[in-house]
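Colleague: The following block contains a protein sequence and its predicted model.
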Amino acid sequence: MKILYLEDDINLSQTLKEFLSDEGFDVTCVYDGEDALQEVYSSNFDILLLDVNVPHINGFELLKELRETKTNTPAIFITSLNGIDDLSRGFLSGADDYIKKPFELKELLLRINALLKRVYKTQESIMQITQNIEFNIHSDELKKDDKIITLKHKESLLLKLLLKHKNECVSFDDIYQNVWSFDEEHSYMSLRTYIKELRKYLGKERILSIKKLGYKLV
């Protein structure tokens, strides 16, 4: 799961990032509202953690703008603002939860997991790719006939991205942004290896190479 964390306190930002990374989350940290806005529009995130009093665009206005542009990524405010008016404004701007500083890291983790469970439990976990191939998006397992194939992490991320945009060309840039973490070095050769593995499972004709642009799942 990918998290965007907006917080201008660098020490707190790094502490929380290390904690959530240890729990298996991919965390992108930003320190002002404008950078947060750009990240949300350029990458896909599963949850937003937002401080309020940050430079350029405060957290309330940021989330309000995102909701007005139909960005429905689940969001939790993490802030020292603890008045009832602040709480009300946070939820009216589109927040799913609100946690007051100071807080226990474990409490935040519980809230994140509870929110993700609420949001994603209604989504279909099984995606039918062909008549004899299905993909469990939660367990990262392909079932081909009666054989279970557990995909590697990046293979699974790549397949989810291609399925999300089936019959569309997914650009190399979009693939690199969504399959590799920001601190990882991507490579075209590695991508070709993941594509080769997916083609082996799904059939070569299912994933088309669009010259100099990207790949398409058909």
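Modeller: Right, received. Where do you want to start?

Colleague: the domain parsing of this protein - what is it?
Modeller: When the chain is parsed with automatic domain parsing, its domains come out as 2-120, 126-217.

Colleague: Quick one: mean pLDDT over the last one.
Modeller: Same thing as domain 126-217. Computed over domain 126-217, the mean pLDDT rounds to 89.

Colleague: Can you give me the end-to-end span of that domain?
Modeller: 17 Å (C-alpha to C-alpha, to the nearest Å).

Colleague: cool, stretch 69-85 as well?
Modeller: End to end - C-alpha to C-alpha - stretch 69-85 spans 24 Å.

Colleague: what comes up buried for it?
Modeller: 71, 73-79, 81 (16 or more other C-beta atoms under 10 Å). Where you see a C-beta, it was placed from the backbone N, CA and C, and this is true even at glycine.

Colleague: Could you export these as a markdown table, including secondary structure?
Modeller: Shown next, in a markdown table, are the buried residues of stretch 69-85 (DSSP: H, G, I helix; E, B strand; the rest coil):
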| residue | secondary structure |
| --- | --- |
| T71 | coil |
| T73 | coil |
| P74 | coil |
| A75 | strand |
| I76 | strand |
| F77 | strand |
| I78 | strand |
| T79 | strand |
| L81 | coil |
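
Colleague: Pick out whichever of those sits closest to I99.
Modeller: Ranked by distance to I99 (C-beta to C-beta), those are led by I78 at 5.3 Å.
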